[in-house]
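In: all I have is the shape, not the residue letters:
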């Protein structure tokens, strides 16, 4: 019996046990056994192939982290069920992130419009955004820009040298501060015209 056939014959729980002992082939077997279904679930949830692939990779990174002793999956737990729960949670997080990005883009990335008047409006809008960002503390402005550029929370935490668990709170505060500054500047601009 060759290695691939042997791996396919093993149950998920045995593969998981081997994975915790550092057996890379066991991870590969679990990956190939479950990837299509995890990806399919995520594609149906998020509706975007690239995003579903990204989230699926994140799901399997969590499984790999388990193999290195960083995550807990019970030895008797259904590995497939665990993967699908993780996939659903990460998929919902991706949908929430997309909604936040789209809401944030209303102010940070104006929609394209035709005509000279709309070009002037876009320039004025960009100037207001830059001015509002300039009024923020450096870390808040940096966090907003990093997220606008699709950096992950982990990447934002590393760049800003903050705890990864605090990035969400810091971003919410930064967004609220940006909104206040932007509206204040927009109000001043309206008073001048």
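Out: Yep, it's here. Values in this document were obtained by computation on a predicted structure and should not be read as measured data.
In: what's the neighbour count on the closest residue to residue 182 other than its chain neighbours?
Out: Nearest non-adjacent residue to residue 182, counting by CB to CB, 6 or more residues apart in numbering: residue 132, 4.1 Å away. (Glycine included, C-beta is placed from N, CA and C.) If you count neighbours by other CB atoms under 10 Å, residue 132 ends up with 23.
In: please, where are all the helices along the chain?
Out: Using DSSP state H, the helices of the chain run over residues 3-9, 12-20, 24-46, 49-67, 79-108, 116-135, 138-148, 153-160, 167-192.
In: so how far is residue 45 from residue 98?
Out: Distance check for residue 98 against residue 45: by CB to CB, to the nearest Å, it reads 11 Å.
In: ditto for residue 83
Out: Where residue 45 is concerned, residue 83 sits at a distance of 14 Å (CB to CB).
In: neighbour-wise, which of these two wins?
Out: More crowded of residue 83 and residue 45, by other CB under 10 Å: residue 83, with 25 against 18.
In: coming back round to it: redo the helices of the chain as a markdown table? Include mean pLDDT.
Out: Formatted as a markdown table, the helices of the chain follow (pLDDT from 0 to 100):
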| stretch | mean pLDDT |
| --- | --- |
| helix 3-9 | 53 |
| helix 12-20 | 83 |
| helix 24-46 | 88 |
| helix 49-67 | 90 |
| helix 79-108 | 79 |
| helix 116-135 | 79 |
| helix 138-148 | 83 |
| helix 153-160 | 84 |
| helix 167-192 | 87 |
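In: which parts of stretch 178-191 are buried?
Out: For stretch 178-191, the neighbour count (16 or more other CB atoms under 10 Å) marks 178, 181, 182, 185, 186 as buried.
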